[in-house]
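S.K.: 3D, please:
(one chain, ligands or ions: 2)
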Amino acid sequence: MTNGEIFKLLSEHDLLVKTSHNLDLNADYAGITYDSRAVQDGFLFFCKGNFKPEYLSSAKDKGATTYVSEVEYADVELPAIIVNNVQKTMSLLSAAFFGFPQNKLTTIAYTGTKGKTTSAYFTKNILDHQYKVGLFSTIDTIVGTGADDEFKSSLTTPESLDLFTNMNRVVNNKLDHLVMEVSSQAYKKNRVYGLKYDVGIFLNISPDHIGRNEHPTFADYLHCKEQLLVNSNSVVINADGSHLLDTYMTAKATTEPENIYLFAKAESENSKEYPIDFEYRSLADSLESNRISLKAISEKGQQLGIDGDYEIGLPGDYNESNAVASAIASALVGAQQDNIKAGLARIVIPGRMEHFNTQSHGTVYVDYAHNYASMDSVLSFLKSQNPHGKVIVVTGSAGDKGIDRRPGLGKAIGQSADIAILTADDPGYEQPKDIADTIADNINNDSVQVKYIENRETAIKQAIESSQSGDVVLIAGKGRDPYQKVNGVDTPYAGDAQIVAEYTKGV
Ligand SMILES: CC(=O)N[C@H]1[C@@H](OP(=O)(O)OP(=O)(O)OC[C@H]2O[C@@H](n3ccc(=O)[nH]c3=O)[C@H](O)[C@@H]2O)O[C@H](CO)[C@@H](O)[C@@H]1O[C@H](C)C(=O)N[C@@H](C)C(=O)N[C@H](CCC(=O)O)C(=O)O
Ligand SMILES: Nc1ncnc2c1ncn2[C@@H]1O[C@H](COP(=O)(O)OP(=O)(O)OP(=O)(O)O)[C@@H](O)[C@H]1O
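M.R.: Ligands and ions are numbered 1, 2, ... in the order given. Purely as a prediction, here's the structure:
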């Protein structure tokens, strides 16, 4: 990628403000980075975010030959490319630097407040039967089949430069499909600027991620999420979700109706007003078996040839919509029905409704529910499945963000739990007890017994020990996260699932 090519690309996107006089148009770059600590000889360096000028001096000392920035740093003698939006620029140039790897892959992207990770894993599990599939999820990033090609993710959707670096690895490792999650922050921060997907799926939206450092309003959150619908060639929308008029109209503004697929539960109210392509019906939704039947209503739906019954390997009625979305998306990229059936039926997703049996205590579930929508879905499902036993929940809520999640957790607990053991999640710079008090204050049901045990491992142990055969214990909010964020430090933590596996052995 030469400066001449950069100049052309940025001009086409109206991003270029000016360049230094001494910029050599034929010069190219050995690498690109936004972190001064990673600079090597001949690198292009991006100045973004909470940036300090000393990072640029350090980048120059380490061999950066040019910097890209929204502001000029006159004190640092280095050729500059000044742009009006460095995040958009970085996304575009990262794609260009790696030769636009997205064009060599079939890409499937999920957005939604809940179910992104679950649906992404379902989809990978289906497509693995036929294709070589990469995954960018909140839990894991998979860029190939080697031992070094699978690693923990730090964000749901990585910074653009990291995203295209990983996408390039996917291509170099000769994978052909990529399944990824796209967060609303990814659009807000232009991490996926310029990226078009083959299939984009909108799962649902409910209030979340609104507050300091995230979205100022729900409208902003919705707008960011909807960007997936205008950046995908085919779109799949869960027509049972709220704000359907908004999402459907957004999709229609840029996508031909023959490339928009809507699905809904059978006899859904929305079937009367919207051109539903698929309906599904629950055949069984107990803890032992989750089964649906899927039926195409429209002609284009029928062409996908996926009518039939499907077993879903994860309990929870809410997982039915995740499974349907994954079935349609997979069929759109060529998955055969047998493989869809197999991919949905046999699956374990780290920290999502993982279950552990005991001999003399209750059944334990480890799940990632951490806001009202998810806690309500999981607890009401467990309560409906277990009307005679107790539902015991262990949870906290993260500090420094999502403050509005806390009352929601309390509300969901009050509606469906019998015992709540409140504990630390990722307290950050807050006191876990204060967070727990807010949750407790919102449990508007005197029959719920509420306890506070700050140490998460002790809380889990006591919940299991206090449960009896016939009870269910839900450990919610952290899944298999291997750390707790405490005062700015990722403090090692065994992980909820690992702790439960240990404590349920032989009891
Ligand atoms: C608000 C936001 O988007 N922040 C992200 C952003 O931070 P930033 O650009 O301000 O970077 P910074 O870490 O403050 O540092 C500033 C710059 O100086 C550079 N630097 C720093 C030190 C040094 O010695 N030299 C140097 O060059 C850094 O590399 C960076 O480029 O870029 C960083 C990566 O470069 C991200 O880690 C960080 O995500 C923060 C930590 C975060 O947690 N974001 C959350 C809210 C998020 O995005 N979550 C969504 C899921 C939520 C949803 O569903 O919407 C997600 O996709 O994960
Ligand atoms: N479709 C759904 N509707 C409501 N709740 C759901 C749905 N799918 C999953 N959940 C609940 O939400 C939790 C998180 O699910 P998942 O990780 O798939 O969602 P996500 O969109 O990736 O979430 P996050 O943005 O929090 O990472 C699950 O553990 C489950 O409790």
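
S.K.: just the helices in the stretch 51-200 of the chain please.
M.R.: Under the criterion DSSP state H, counting those that start in this stretch, helices of the stretch 51-200 of the chain are mapped to 53-61, 86-97, 116-127, 160-172, 184-188.

S.K.: Can you spell out which helices and strands pack onto the fourth one?
M.R.: Read it as helix 160-172. helix 86-97, strand 133-136 (3 or more Cβ pairs under 8 Å, 6 or more residues apart in numbering; DSSP states H and E). Where C-beta positions appear, they are placed from N, C-alpha and C, glycine not excepted.

S.K.: Contacts for that helix next, please.
M.R.: Here helix 160-172 makes contact (Cβ atoms under 8 Å, 6 or more residues apart in numbering) with 32-34, 46, 87, 90-91, 94-95, 97-99, 101-102, 104-105, 134, 136, 141, 143-144, 149, 157-158, 178, 190-193.

S.K.: Buried members of these into PyMOL, please.
M.R.: Selection of buried members from the contacts of helix 160-172 for PyMOL, criterion 16 or more other Cβ atoms under 10 Å:
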select buried, resi 32+33+34+46+87+90+91+94+95+97+98+101+102+104+105+134+136+141+143+144+149+157+158+178+190+191+192+193
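
S.K.: Once you drop chain neighbours, what's closest to residue 70?
M.R.: The shortest distance from residue 70 to any non-neighbouring residue, by Cβ to Cβ, 6 or more residues apart in numbering, is to residue 86 (5.1 Å).

S.K.: What of residue 153?
M.R.: Closest residue in space to residue 153, ignoring its immediate chain neighbours: residue 141 at 4.8 Å, by Cβ to Cβ, 6+ apart.

S.K.: tell me the contacts of the one you found?
M.R.: Going by Cβ under 8 Å, 6+ apart, residue 141 touches 135, 150, 151, 152, 153, 158, 166.

S.K.: For the residue nearest to residue 70, report the pLDDT, please.
M.R.: You'll see residue 86 listed with a pLDDT of 98.

S.K.: That one: how many residues sit nearby?
M.R.: Residue 86 has 22 neighbours, counted by other Cβ atoms under 10 Å.

S.K.: what do you get for residue 62?
M.R.: When neighbours are counted by other Cβ under 10 Å, residue 62 registers 16.

S.K.: How much space separates the spatially closest residue to it that is not a sequence neighbour from ligand 1?
M.R.: The spatial neighbour of residue 62 that comes closest, neighbours along the chain excluded (Cβ to Cβ, 6+ apart), is residue 39 at 4.0 Å. From residue 39 across to ligand 1, the span is 8 Å (Cβ to the nearest ligand atom, to the nearest Å).

S.K.: And residue 39, what's its pLDDT?
M.R.: Note on residue 39: pLDDT of 98.

S.K.: give me every residue that touches it.
M.R.: 33, 45, 58, 59, 62, 63, 64.

S.K.: and residue 235, what are its bridge partners?
M.R.: On the basis of DSSP bridges, residue 235 is bridged to residue 200, residue 260.

S.K.: Surely residue 485 touches residue 424?
M.R.: No - Residue 485 is not in contact with residue 424 according to Cβ atoms under 8 Å; the separation is 10.1 Å.

S.K.: who's more crowded, these two?
M.R.: Neighbours per residue, other Cβ under 10 Å: of residue 485 and residue 424, the larger number sits with residue 424, 25 against 19.

S.K.: How about the residues of the stretch 151-300 of the chain by ligand 1?
M.R.: Within reach of ligand 1 by Cβ under 6 Å from any ligand atom, the stretch 151-300 of the chain has these residues: 155, 156, 157, 159, 183, 184, 185, 186, 189, 209, 213, 214.

S.K.: List the residues that contact the fourth one.
M.R.: Going by Cβ under 8 Å, 6+ apart, residue 159 touches 34, 90, 191.

S.K.: Now the protein against ligand 1: closest residue?
M.R.: residue 49 (1.9 Å; Cβ to the nearest ligand atom).

S.K.: where does that residue land in three-state SS?
M.R.: Residue 49 falls in the coil class when you classify it by DSSP: H, G, I helix; E, B strand; the rest coil.

S.K.: Check which helix or strand residue 384 maps to.
M.R.: Secondary structure assigned from DSSP states H and E places residue 384 in helix 372-385.

S.K.: Buried residues, that helix. List them.
M.R.: Buried residues in helix 372-385, counted by 16+ other Cβ under 10 Å: 372-383, 385.

S.K.: Output those in TSV; the columns should cover pLDDT and distance to residue 198.
M.R.: Shown next, in TSV, are these (pLDDT from 0 to 100; distance: Cβ to Cβ, whole Å):
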residue	pLDDT	distance to residue 198
372	93	33
373	90	28
374	92	28
375	97	33
376	96	33
377	92	29
378	95	32
379	97	36
380	95	35
381	94	33
382	95	37
383	95	40
385	91	37
